[in-house]
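# return a 3D structure for these sequence lines:
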Amino acid sequence: MTGATSVIRTPDQRIRVFVSSTLRELAAERAGARAAIERMGLAPVMFELGARPHPPRELYRSYLAQSDIFVGIYGESYGWVAPDEQISGLQDEYDLAPASMPKLIYIKASDRRDERLTALIARIQADDHAAYLPFRTADELEERIADDLATLLAERFDASRRGASDEGEPAEALAGRVPVPYTRTIGREEDVHRVRELLAAGADRLVSLVGPGGIGKSRLAIEVARESSELFRDGVYFVLLEGVLEPGLLLPTIAYALGVRDSGDVDLEDRIGRALEGRRVLIVLDNFEQIVDAAPVLVRLYTAAPLATFLVTSRVVLRIRGEQVYEVEALSSPGATEPATVHRALRSPAVALFVDRAQAVRPDFELTDRNVADVASICRRLDGLPLAIELAAAKIRALNPAAIDQRLEKTLPLLTAASRDLPERHRTMRAAIDWSVSLLPDVQREMLDDLGVFATRFALDAVEAVAAGRSWADQVLDALGGLVDASLVKQADLGGRSTFSLLAIVREYAVERLGARGEADVMRAAHADYYAGLVRRTSPDLRGPAQPAAVRTLGLELSNLRAAVRHLVQIDRLDDAGDFAWNLLVYWWISGFFSEVRLWMLDLLGSGRPISTRTHAIAVFFTMWGEMWQRPSNQVIEGLGEASRLFAQSGDADAAAMALAARGSTRMRFPDLDMAAAEAELVEARDALHGLGDWWAEALAEVALGLLAMARGAFAESLERFERASAIGVAEQDAFTRVVAGNNVARVRLLGGDIETASGDYRTTLELSALLHYDEGAQYSLEGISAIAALQGDAWRAGALAAVAASIRQRVGVFDVDGFAANVQPLTAIRATAPEAVAGGERAGAEMSIAEAYAIALPDTDAEGGQVPATW
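Numbering: from 1, shown residues only. Below you'll find the predicted structure:
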């Protein structure tokens, strides 16, 4: 063996798990370990001479060097130490394992362990690369190893994804996540405890945190969400409503945060209700006051999903059934008659907040006997409002507490008197913003007003793009930095890039001032032009190899895409709004936003203002899309026919063919399918699209023809059409068409008994679905792989993947199991012969993340090289 490299060859080069233990003592445990490893689709490396006298060290050193994971199973025996050796083969294997190799060490409970084994275990406990886990029986060990390998593979998958991309997480992975606070939360411990108790009691379906802007409702909701995760076994979702101004956008926004895909084929409210059914979740809805008319929707949602709880922040009470109102109070400040001592003042949350934020901008600031009275006065003048205190503390870089207090004493009463139409604390908050802004240079004040046109968050290049002609055009970085220093603009890293944002109340203030200056439409146009340009530049990449990156880019800009459409409508550029929506057709389709787009288009059609023929066609097409899937009717057939005619009349032959294909697809939804009419329209559309070079729409028309062939039992023809569509996707490197067509190819091959080829097809579509963050595609792929596992007798794996796929179906709202779930019959068959194994897999799958499911479905994927899919 010397001088040669020993290579372990497994049939498919799967991830290899080296198992180290004594042999006779732990024979049952070794059998359990082998079963667990093979259940995960991995390759066990069990060198049976490893713990015997005179172990061939070069051989198992080579085996270790080519393994990926080390599993050590230790009982009572240290193992035999051979003549002329100092340690046993058991310890030798552990010592020879590479330091960086993940090690799972399982210790069998015993009070009669060899002294040298006890010493080895003590060493292992100090090893950063080893996980130390107890067990009692061989059966328990088998389950632990399977679970731990799933977790380890999922972590490896996530880590490799992070290393493979510098773009950060996709927007879909960030959607619904509880935000990380910019700064430390101060003075809300009792509020967090009390709100959490309301949620834990479960008597109230909706808890509303109510109070004026700037009082800290959003921060309290964040802290409550972070502290309540263990109460909600199925997750906590945080839904930002800052940029959502139309009540009709509530459901699409909730759906996006939950991961429910809006493809238009099911009513969105019903889809969300069914996705939440049986799930114990907390949904936080932040800044609800601007769409309070949509509040009755929440009643319908929590009626349909009785385990779901809603936590709402709002400046007004929602006044709906099931609402428990929690008034968010200001932070307490020292009383005017109290002795102004440092110790006493720091017991006040308002003063503690001021000191914390002041030290953030001036680290040497301290509360002293000389300034404590001024700081206490500042907090009292600002009514203990957290945002007002933060704005004042930000001025400590230029002014001392006495100067800040003097300025507030002079200006605050005048400013609050000018806003008598607002409640008292609203007046104080508005006056505090006024005062803070009044201290800014003119350039920064005007920049703040202009930034009001942006939605929730925005990037530096967007700010630079709208700067033309503005007073701050040549001072972008300095002016923006000044606003960040003043705590009027927040900066954070998101998706691998630096982003900026305004709090909702500051944005309202800025927009009001911009309107008062008569420049609102100018800035709306600049904002819309920038994002329309971004869409024009990005939309070609939505088809082809750059598709995943384009979807990620647009996802990060979703709130500003919404704002841009709104701005185009406000400034009467309706045709530009139509073009904007049409350019994003592929994005709406992949990401599932058709309900939202439909609302925009209904606004266009109902505006009564003139629009071009093409814009009319776009609006009709999008309004018919949802009807096509949900309520197919002759009216929809006629509407899509009108859209096709209008597109043709406007000279857009490509769009006309797409509308015709949609019309043919609509016919397929009728119970009494007119096969000939549907096929004629689809063939005509496909041929037209081919002639126009629109390969993307051509491929999807081909998929529709394949489904039509399946409906009449022509499986050979359906396979041919699906393969043609898949070939187009492969040639053009388009992930979406490859997933849609590929899952259908795999399904027909599976039905035909070609299990090996179908397995490869499903693996490919699962990897591409992960890359595209396309849950619906992943769900079909996992069902297919589950079916293949069942047909191959792997009952546990079949059950686990079926459970994960079922959870995705529920979450994204896809309910076509009878028609399209490939694993229904194979799973039923294997359940009859191995019910316990299937049930065990289903129990494990119900607790798995999608990354863990990926690791089980594709255990031999090279996560450290090549193209690695993005995580869900």
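
# can you show me the CA trace of the helix or strand hosting residue 852 as CSV?
Counting by DSSP states H and E, the element that carries residue 852 is helix 850-857. Output in CSV follows, covering the C-alpha atoms of helix 850-857 (Å, rounded to 0.1, in the frame of the first residue of the first chain):
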residue,chain,number,x,y,z
ILE,A,850,-36.4,22.5,3.4
ALA,A,851,-32.6,22.6,3.5
GLU,A,852,-32.6,19.3,5.4
ALA,A,853,-35.0,17.8,2.9
TYR,A,854,-32.6,18.9,0.1
ALA,A,855,-29.8,17.1,1.9
ILE,A,856,-31.8,13.9,2.0
ALA,A,857,-33.1,14.1,-1.5
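
# quick check: mean pLDDT of it?
Averaged across helix 850-857, pLDDT comes to 81.

# show me what that helix is packed up against.
With contacts defined as 3 or more CB pairs under 8 Å, 6 or more residues apart in numbering; DSSP states H and E, the packing partners of helix 850-857 are helix 138-164, helix 755-772, helix 775-791, helix 795-812. In this view, the C-beta of every residue, glycine as well, is placed from N, C-alpha and C.

# next, the angle helix 755-772 makes with that helix.
160 degrees (axes from the mean of the first three to the mean of the last three CA atoms, to 10 degrees).

# return the distance of helix 850-857 from the chain's centre.
17 Å (CA atoms, centre = their mean, to the nearest Å).

# tilt between it and helix 795-812?
Helix 850-857 and helix 795-812 meet at an angle of 150 degrees, taking the same axes, to 10 degrees as the criterion.

# tally of neighbours for the closest residue in space to residue 253 that isn't next to it in sequence?
Spatial nearest neighbour of residue 253, excluding adjacent residues (CB to CB, 6 or more residues apart in numbering): residue 244 at 5.3 Å. Neighbour count of residue 244, defined by other CB atoms under 10 Å: 25.

# again with residue 753
Counted with other CB under 10 Å, residue 753 comes out at 8.

# state the distance from it to residue 826.
Distance of residue 753 to residue 826, given as CB to CB, to the nearest Å: 12 Å.

# reformat the helices and strands packed on helix 850-857 as a markdown table; add distance to residue 228, mean pLDDT and mean neighbour count.
Below are these laid out as a markdown table (distance: least, CB to CB, whole Å; pLDDT from 0 to 100; neighbours: other CB atoms under 10 Å):
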| stretch | distance to residue 228 | mean pLDDT | mean neighbour count |
| --- | --- | --- | --- |
| helix 138-164 | 24 | 69 | 19 |
| helix 755-772 | 30 | 92 | 22 |
| helix 775-791 | 25 | 93 | 27 |
| helix 795-812 | 20 | 89 | 25 |
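
# low-confidence ranges, the stretch 651-800 of the chain, go.
For the stretch 651-800 of the chain, no stretch is flagged by pLDDT under 70.

# redo that, cut-off 80
Within the stretch 651-800 of the chain, the segments meeting pLDDT under 80 span 669, 671-673.

# need the strands for this protein, in chain order.
16-21, 43-45, 69-74, 103-108, 130-135, 206-210, 236-240, 282-286, 309-314, 323-327, 458-459, 490-494, 497-501 (DSSP state E).

# export these to CSV and tack on distance to residue 658?
Formatted as CSV, the strands of the chain follow (distance: least, CB to CB, whole Å):
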stretch, distance to residue 658
strand 16-21, 49
strand 43-45, 48
strand 69-74, 49
strand 103-108, 53
strand 130-135, 54
strand 206-210, 42
strand 236-240, 32
strand 282-286, 36
strand 309-314, 39
strand 323-327, 45
strand 458-459, 32
strand 490-494, 34
strand 497-501, 33
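
# out of those, which gets nearest to residue 850?
With CB to CB, the closest approach to residue 850 among the strands of the chain belongs to strand 236-240: 15.7 Å.

# what's that closest one packed up against?
Using 3+ CB pairs under 8 Å, 6+ apart, the elements in contact with strand 236-240 are helix 217-227, helix 250-258, strand 282-286.

# most packed of these?
Ranked by mean neighbour count, the helices and strands packed on strand 236-240 are led by strand 282-286 with a mean of 25 (mean count of other CB atoms under 10 Å).

# kindly format the C-alpha coordinates of that strand as PDB.
This file holds the C-alpha atoms of strand 282-286, laid out as PDB (Å, rounded to 0.1, in the frame of the first residue of the first chain):
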ATOM      1  CA  LEU A 282     -47.800  34.400  14.800                       C
ATOM      2  CA  ILE A 283     -48.200  36.900  12.000                       C
ATOM      3  CA  VAL A 284     -47.000  40.500  12.900                       C
ATOM      4  CA  LEU A 285     -48.500  43.200  10.700                       C
ATOM      5  CA  ASP A 286     -46.600  46.400  11.200                       C
END
